[in-house]
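Engineer: Build the 3D model from these lines:
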Amino acid sequence: MSLKLNSSFNDSENCWEIELMGEIDINSKSVLKDELNQLNEKKQADFIFKCENLEYIDSTGLGVLISFYKNVKIGNHTVMFEKLKPSILKIFSLTGLDKIFSIR
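Structural biologist: Coordinates of the predicted model:
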């Protein structure tokens, strides 16, 4: 399964809401990276990733998210993940990313 993204800007919360669906891996990392960078260039704000339909993420996907997080932090904005599946939350915990990213 490939990666699909739906993004929209929430004016009332002043944040990007991005629904991640499918898999983030070496095959989809450039799509994710390009899309996130375009959104951040369009309007710098907080980012909320809705992950209830995210099935898988590997180390290349995590690398994209870490790099993106650094760019967002430069503008004093946050990156948040919502509704991570237990298997993906475990990866975030094992790598210590649950202490870097806001997860709810």
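
Engineer: wait, Asn14 sits on Phe47?
Structural biologist: No - if you go by CB atoms under 8 Å, Asn14 and Phe47 don't touch, sitting 11.1 Å apart. In this view, the C-beta of every residue, glycine as well, is placed from N, C-alpha and C.

Engineer: between those two, who's got more neighbours?
Structural biologist: Ranked by neighbour count (other CB atoms under 10 Å), Asn14 and Phe47 place Phe47 first, with 22 against 11.

Engineer: separation between that one and Asp11?
Structural biologist: Separation of Phe47 from Asp11 (CB to CB, to the nearest Å): 15 Å.

Engineer: And for Ile100?
Structural biologist: 27 Å.

Engineer: the more surrounded of these two?
Structural biologist: For Ile100 and Asp11, the more surrounded residue by other CB under 10 Å is Ile100, and the numbers stand at 14 against 8.

Engineer: And for that one, nearest residue in space, chain neighbours not counted?
Structural biologist: Leaving aside its sequence neighbours, Ile100 sits nearest to Tyr69 (CB to CB, 6 or more residues apart in numbering; 6.8 Å).

Engineer: and the one you found, which of the three is it?
Structural biologist: helix (DSSP: H, G, I helix; E, B strand; the rest coil).

Engineer: And Asn53, by the same measure?
Structural biologist: The three-state label given to Asn53 by three-state DSSP is strand.
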